[in-house]
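[1] Using only what follows, build the 3D model:
(one chain, ligands or ions: 1)
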Amino acid sequence: MTVLVVLSSSVLAWVIWTLISLLSNYLTARRIGLPIIISPVSSLNPYWILTYRALPILPLLQSLPFNLGKWSRCTYMGWSFDDKYLLHKELGSAFTLVTPSVNEVWIADSDAAYVVLSRRKDYIKPAKMYQPLAIFGPNVNTVEGDDWQRHRKLTAPSFNEKTSTSVWDEALRQAGDMLHSWMERSTNGTRDTVAHTATLALHVLTGAGFGISYSYGKGVQTPPEGHDISYRDALLTVLQSVVLLSTVPRSWMTFRFSPAKLRKVDQATKEFQLYMAEMLINERSQIHKRSSQSRNLLTALVRASEEAKESSHEISHQGLTDDEIFGNIFIYNLAGYETTANTIATGIFLLAAYPEWQEWVAEEINLVFDEEEDSPGGRYEEAFPKLRRCLAVMFEILRLHGSNVYIPRTTGSVDSALHINGKNYIIPSGTFTMTNLQALHTDPRSWGLDSLVWRPSRWLVSTPDTVASGYTKELIEPIKGTFLPWADGPRVCPGRKVAQVEFVAVMVALFRKHRVQPVLMEGESADAGKERLRDIVNDSGLSAVTMQMRCPRAAALMWRRVE
Ligand code: HEM
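    Residues are numbered from 1 along each chain as shown. This next block holds a predicted model:
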């Protein structure tokens, strides 16, 4: 009886607290003056996320009469991928989503989006939201303010033209081997495009970022002395277990009776930490002997940190601690792995669904590379700037199928003024601003009436120079705030050039002499096969970190050589 009373009073207290918070947030939202949607939950509420993932509750809510479930249209993770710009078309360039925990201002106005992403001190990256990613130590993605400036200054310059050259070489080599493995199963095709592009992206990062080169085909590598698993396998397990690592306490993973999966994650985490510590000791000794020849993210991180320490009396404020170096090694791997791998995999699916764009890309690649050369190497500096169609394909993937569909910021402890669609608004302290990338990327006012159509050629324009040379066209420069797959402003993605170089190199290796198509099901026409691929790409959702196709293994892709 007492238990029942305690339980029902707790539920009642929770309901009252929720209603009071909702009312208080609603009154605050009224003062902003933007259209309002009231939701009983926040899209970031973990219990809500678990509920709609476990039960088919969303369609039910959305079919309620009198628009009672309208809130559920914009309170699940990745909702704007499904909605595109439609909710903004109804409500305007911005609206406030009122929830019991926080007010979220969703923005699809290009000028306002640009301002929010540029003014990092007024619109702060919510560091608390990213804390779970500080698994190995604080890093550029999890810190704010002066700390962020220090991390950024010491890590981002590692991504220079030298890195781009190594990324280019490594991506060409890996993609050539990946293609070779696909050609070996040409009749049945492969269902593992996503897994294989993930291996490729990981190998490019370990090779170009950390100087550890792997051959594409070799799965498990023999671990060096003192290790039970290879660096690659330890890193892969860690990257694929981010959600576990950031939610399950480490001590639970070490119990004798813990599930094997948890113990495997624990082992990989320890091994990865050990590898990083060894790399650090090795790199420091090379620096002190002044004998290091290699130049990669790790060397740059350690050097920059050592130099900063030497040149400052306030040591701890200038360099990076060992934990911070580990934290950054991890985050650069994480941030650069899934995003790039997904973009390449989605691109392959889309090109298989639209073979006319394969021919378009191949035409450019064959103009740039010598017909006779069997495996196109080509120097990065000469080839990359000419491969504009390849880059256009990437931009068009990111416009409609980018890894991020929104970018969160918060006004912190002070109110902030924001000009939206010709009017001034005061965004109160403690409000989240969500830059709605998917709505901005699909808005017909910026992208034309065919904004939802995947059409890479929209990225190219003829200029007098390009017409005179009879060569390919120039890439357009989108209006500020209309294309933000890498964000913008001071916290713009530091790996965007790496991702571009990697993507273009992969296109070169795959499409110069080969084409991809879906393996048709029994009785399926070629058009229906392509439609099936488009459906698979459109059925994407937000995983822990990025947008991903939910069922990429539902289609097998077949590669063939063309002359
Ligand atoms: C197509 C590929 C990629 C996409 C779409 C992408 C997208 C983004 C976006 C949107 C952000 C900003 C997030 C925010 O401010 O809330 C970001 C940040 C970041 N990205 Fe990327 N990224 C890609 C590839 C890479 C690569 C290859 C690397 C590293 C090698 C990388 C490293 C990072 C890091 C470290 C940050 C945090 C920067 C900071 O907070 O100052 N990304 N990325």
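[2] what helix or strand is Gly541 on?
    Taking DSSP states H and E as the criterion, Gly541 maps to strand 540-542.
[3] ok, Arg515 touching Trp360?
    No: in this structure, Arg515 is not within contact of Trp360 by C-beta atoms under 8 Å, at 12.0 Å. Yep, even glycine has a C-beta here, placed from its N, CA and C like the rest.
[4] just to revisit the earlier point, which helices and strands does the strand holding Gly541 pack with?
    helix 79-83, strand 547-549 (3 or more C-beta pairs under 8 Å, 6 or more residues apart in numbering; DSSP states H and E).
[5] Identify whichever of these lies nearest to the ligand.
    strand 547-549 (9.5 Å; C-beta to the nearest ligand atom).
[6] Report the rounded mean pLDDT for the closest one.
    Here strand 547-549 scores 92 as its mean pLDDT.
[7] The one residue in the stretch 351-500 of the chain that gets nearest to the ligand: neighbour count?
    The stretch 351-500 of the chain approaches the ligand most closely through Gly495 (2.1 Å), counting by C-beta to the nearest ligand atom. Applying other C-beta atoms under 10 Å, we find 22 residues neighbouring Gly495.
[8] give the contact list for it.
    Gly495 makes contact with 159, 332, 335-336, 339-340 under the criterion C-beta atoms under 8 Å, 6 or more residues apart in numbering.
[9] redo that, cut-off 6 Å
    Residues counted as contacts of Gly495 (C-beta atoms under 6 Å, 6 or more residues apart in numbering) are Gly336.
[10] what does the stretch 151-300 of the chain have sitting close to the ligand?
    Neighbours of the ligand within the stretch 151-300 of the chain, by C-beta under 6 Å from any ligand atom: Arg152.
[11] By mean pLDDT, flag the weakest helix or strand of the protein.
    Ranked by mean pLDDT, DSSP states H and E, the helix or strand of the chain with the weakest confidence is helix 315-318, at a mean of 58.
[12] Let me know the average pLDDT across the next helix or strand after that helix.
    Note on helix 315-318: by DSSP H and E, the next helix or strand toward the C-terminus is helix 322-353. Average pLDDT, helix 322-353: 93.
[13] the strands in the stretch 1-150 of the chain, which residues?
    Using DSSP state E, counting those that start in this stretch, the strands of the stretch 1-150 of the chain run over 36-38, 94-98, 103-107.
[14] and Lys423, which of these is closest to it?
    Nearest to Lys423 among these is strand 94-98; the distance by C-beta to C-beta comes to 9.7 Å.
[15] quick check: angle from the closest one to strand 103-107?
    Relative orientation of strand 94-98 and strand 103-107, computed by axes from the mean of the first three to the mean of the last three C-alpha atoms, to 10 degrees: 160 degrees.
[16] pLDDT on strand 94-98, on average?
    Average pLDDT, strand 94-98: 98.
[17] what does stretch 68-80 give?
    Here the average pLDDT along stretch 68-80 is 92.
[18] For the residue of the stretch 51-200 of the chain found nearest the ligand, give me its contacts.
    Residue nearest to the ligand within the stretch 51-200 of the chain (C-beta to the nearest ligand atom): Asn141, separated by 4.2 Å. Contact analysis of Asn141 by C-beta under 6 Å, 6+ apart lists 130, 133, 331.
[19] what does the model give it for pLDDT?
    The model's pLDDT for Asn141 equals 93.
[20] I'd like the distance between it and Ala127.
    Asn141 sits at a distance of 9 Å from Ala127 (criterion: C-beta to C-beta, to the nearest Å).
[21] can you give me the helices in the stretch 401-550 of the chain?
    Ranges of helices in the stretch 401-550 of the chain, per DSSP state H, counting those that start in this stretch, are 437-442, 444-447, 464-469, 496-511, 526-538.
[22] Can you lay out these as JSON lines showing distance to Phe349, mean pLDDT and mean neighbour count?
    Formatted as JSON lines, the helices of the stretch 401-550 of the chain follow (distance: least, C-beta to C-beta, whole Å; pLDDT from 0 to 100; neighbours: other C-beta atoms under 10 Å):
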{"stretch": "helix 437-442", "distance to Phe349": "18", "mean pLDDT": "98", "mean neighbour count": "25"}
{"stretch": "helix 444-447", "distance to Phe349": "21", "mean pLDDT": "97", "mean neighbour count": "16"}
{"stretch": "helix 464-469", "distance to Phe349": "30", "mean pLDDT": "61", "mean neighbour count": "10"}
{"stretch": "helix 496-511", "distance to Phe349": "13", "mean pLDDT": "96", "mean neighbour count": "25"}
{"stretch": "helix 526-538", "distance to Phe349": "5", "mean pLDDT": "97", "mean neighbour count": "15"}
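[23] looking at those, which is closest to Ala108?
    Of all these, it is helix 437-442 that lies closest to Ala108, at 3.7 Å by C-beta to C-beta.
[24] Packing partners of that closest one?
    Contact here means 3 or more C-beta pairs under 6 Å, 6 or more residues apart in numbering; DSSP states H and E; on that basis helix 437-442 packs against helix 79-83.
[25] Check whether stretch 335-342 comes near the ligand.
    Yes: shown here: stretch 335-342 in contact with the ligand (C-beta under 6 Å from any ligand atom) through 335-336, 339-340.
[26] Residues touching that stretch, excluding its own?
    Under the contact criterion C-beta under 6 Å, 6+ apart, stretch 335-342 has outside partners 197-198, 201-202, 205, 239, 403, 495, 499, 502, 545-546, 548.
[27] Among those residues, which one has the most neighbours?
    Result: Glu502 is most packed of these (other C-beta under 10 Å), 30 neighbours.
[28] Please report how far Met434 lies from Ser43.
    9 Å.
[29] Can you name the residues of this protein sitting close to the ligand?
    125, 140-141, 152, 331-332, 335-336, 339-340, 343, 398, 402-404, 407, 485-487, 491, 493-495, 498-499.
[30] If any of the residues you listed are buried, put those into a ChimeraX selection.
    The buried residues among those can be selected in ChimeraX (16 or more other C-beta atoms under 10 Å) with this line:
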select :125,140,141,331,332,335,336,339,340,343,398,402,403,404,407,485,486,487,491,493,494,495,498,499
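[31] Show the residue spans covered by the helices in the stretch 251-400 of the chain.
    260-289, 297-310, 315-318, 322-353, 355-368, 380-383, 388-401.
[32] Could you pull up the mean pLDDT of the first one?
    Rounded to a whole number, the mean pLDDT of helix 260-289 is 86.
[33] in that helix, what counts as buried?
    Judged by neighbour count using 16+ other C-beta under 10 Å, the buried positions of helix 260-289 are 262, 265-273, 275-276, 279-280, 283-284, 286.
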